[in-house]
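Q: Provided below for reference: sequence and predicted model.
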Amino acid sequence: MEIKNIKGEVLRNELLSKHTSFGIGGPADFLVYPADSEDLAALLREIRAQKLNYMVLGGGTNVLVRDGGFRGVAISLRRLNAIRVEREYRSLGGTYAVVHAEAGAALAKVISFTANASLTGLEFATGIPGTMGGAVCMNAGTAEGEMGDVVETVTVLTPGGELVTRSKEEMDFGYRTANVPAGHVVLSALLQLRHDEKKQIEAKVKALMDRRKDRQPWGQPNAGSIFKNPLDESAGSLIESAGLKGRTVGHAQISEKHANFIVNTGKATAADVLALMELVKQTVLDVHGARLEPEIKIVGEDA
C-alpha cells in the first residue's frame, strides 16, 4: 500500500495523538496534507483506486481516535485555508458580504477575518475549536446560532474527485448534523454576513470568548462537548445533577468546570474516555431516564 503522485506531505504510521485536541489516538497508516484542491481530488481518486478507508481529520477536534489507530488514510486539510470576501451587495437590512472560506481554515481565523472586515453573523462560533469544514459537517453552533444560519452554499469533492456545489437547502442542516453524503469531502463554504460596526462585533466576540473561558475547561486537552443535548435539556446539567462532575477513569476526567467535557489529565487513552462515556450514559439513563448520544466522532480500532 502506497500513496503516490501527491504534491503535499505524506506521513506513514503517524500517531494521531499528535494531531488531535484530546492528545489521544493510535497511528494512521497514512496522514496526508494535500497541497491544494487539485491535490485533494487526486488523493481521493488514488484512495478510491486502491479501495482504502479514509477520514478527514479536520482540526483534530470533536474526534476520539481509538488506541489501535486508523487503518487507512487520515486527511488533513490545513493547507486549504484561504479566506476572502467573494462579493458584496445591498439589500433590505443593510449591506451584505459573502465570504469564501476553505475547509482547512481554522474557525477562529475565519471569525477574526470577518470581525476585521466589520462583518457580523459569525460571532456565535467564538471559541468553537476546529476548522470550517468540520464546523459545516456537524453544523457547529451554540445557543447564539449555528453554521446553517449563515451558510449560502457548500462545495464538496465526491469520492471520484469531482466538484459539486450544494445549496443551503440541500445541506439540510439539523442539530449538529448536515447532509454531507458518505465519502464526500467538504472543500469550502460561502457565508452570508452583514456589515456592522467593527467595535460592536469585536466587543461581542470578546464577551463570548470570556464567557467560554470562564465556563469551559480552557487549556486542558479535550474534544469539545462530548454528548448532544437531548431535546431541550442540557447534557451538561443532566451529567452534573447525576453527581458525575470530576469522575475519572484512568487519566480521563469529567471536567470540574463543565460536565459535558471530558479532559485528558495526563496520559488518558481512548479506552479510558470510552469507559467514562459509558459510565455517564448509563448513570444519566438510570437517574434521569434520558439517553445521551455522542456529539464527538469516534473512529479507528481498539488496541
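A: Yep, it's here.
Q: how's the protein carved up into domains?
A: In terms of domains, the chain is parsed into 9-75, 83-215, 235-296 (source: automatic domain parsing).
Q: Out of the ones you listed, which one sits most buried?
A: Comparing those on average neighbours per residue, with mean count of other C-beta atoms under 10 Å, the densest one is domain 9-75 at a mean of 20. Yep, even glycine has a C-beta here, placed from its N, CA and C like the rest.
Q: Quote the end-to-end distance of it.
A: This stretch, domain 9-75, spans 10 Å end to end (C-alpha to C-alpha, to the nearest Å).
Q: What average pLDDT does that domain get?
A: For domain 9-75, mean pLDDT rounds to 95.
Q: same thing with stretch 221-234?
A: pLDDT averaged over stretch 221-234 gives 92.
Q: picking up where we left off before, redo the domains of the chain as TSV? Include distance to Ile3.
A: Below are those laid out as TSV (distance: least, C-beta to C-beta, whole Å):
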stretch	distance to Ile3
domain 9-75	5
domain 83-215	14
domain 235-296	25
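Q: how far does stretch 116-127 stretch from start to finish?
A: End-to-end span of stretch 116-127 (C-alpha to C-alpha): 17 Å.
Q: which residues are contacting it?
A: With contact meaning C-beta atoms under 8 Å, 6 or more residues apart in numbering, stretch 116-127 is reached by 85, 97, 99, 107, 110-111, 114-115, 135, 140-142, 144-147, 149-150, 191-198, 200-201, 204-205, 208-209, 212-213, 216.
Q: redo that, cut-off 7 Å
A: Stretch 116-127 is contacted from outside by 85, 97, 99, 107, 110-111, 114, 135, 140-142, 144-145, 150, 191, 193-196, 198, 201, 204-205, 208-209, 212, using C-beta atoms under 7 Å, 6 or more residues apart in numbering.
Q: Please apply the same query to stretch 236-247.
A: Under C-beta under 7 Å, 6+ apart, the answer for stretch 236-247 is 253-254, 256, 258-260, 279-280, 283-284, 287-288, 290.
Q: how about a cut-off of 6 Å?
A: 254, 256, 258-260, 280, 283-284, 287-288, 290 (C-beta atoms under 6 Å, 6 or more residues apart in numbering).
Q: How many residues are close by the closest residue in space to Arg66 that isn't next to it in sequence?
A: Distance criterion C-beta to C-beta, 6 or more residues apart in numbering; nearest residue to Arg66, sequence neighbours excluded, is Gly300 at 3.7 Å. If you count neighbours by other C-beta atoms under 10 Å, Gly300 ends up with 24.
Q: Identify the residues contacting Gly300.
A: Neighbour list for Gly300: 65-66, 69-70 [criterion: C-beta under 6 Å, 6+ apart].
Q: got any ranges where the protein has weak pLDDT?
A: Of all residues in the chain, none has pLDDT under 70.
Q: For it, which strand extends over the most residues?
A: strand 185-195 (DSSP state E).
Q: Just list what that one packs against, helices and strands only.
A: With contacts defined as 3 or more C-beta pairs under 6 Å, 6 or more residues apart in numbering; DSSP states H and E, strand 185-195 has these neighbours: strand 94-102, helix 132-137, strand 151-157.
Q: what residues does that strand touch?
A: For strand 185-195, the external contacting residues (C-beta under 6 Å, 6+ apart) are 37, 56, 94-103, 114, 118-121, 133, 136-137, 150-157.
Q: again, only using 7 Å
A: Here strand 185-195 makes contact (C-beta under 7 Å, 6+ apart) with 37, 40, 44, 56, 86, 93-103, 114, 118-122, 132-133, 136-137, 150-157, 180.
Q: so what strands line up beside it?
A: Sheet pairing here is set by DSSP bridges, and for strand 185-195 it gives strand 94-102 (antiparallel), strand 119-120 (antiparallel), strand 151-157 (antiparallel).
Q: Show me the helices in the stretch 1-150 of the chain, by range?
A: Along the stretch 1-150 of the chain, counting by DSSP state H, counting those that start in this stretch, helices occupy 37-50, 107-116, 132-137.
Q: can you redo those helices as JSON lines with distance to Val185?
A: As requested, the helices of the stretch 1-150 of the chain are exported to JSON lines (distance: least, C-beta to C-beta, whole Å):
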{"stretch": "helix 37-50", "distance to Val185": "7"}
{"stretch": "helix 107-116", "distance to Val185": "17"}
{"stretch": "helix 132-137", "distance to Val185": "8"}
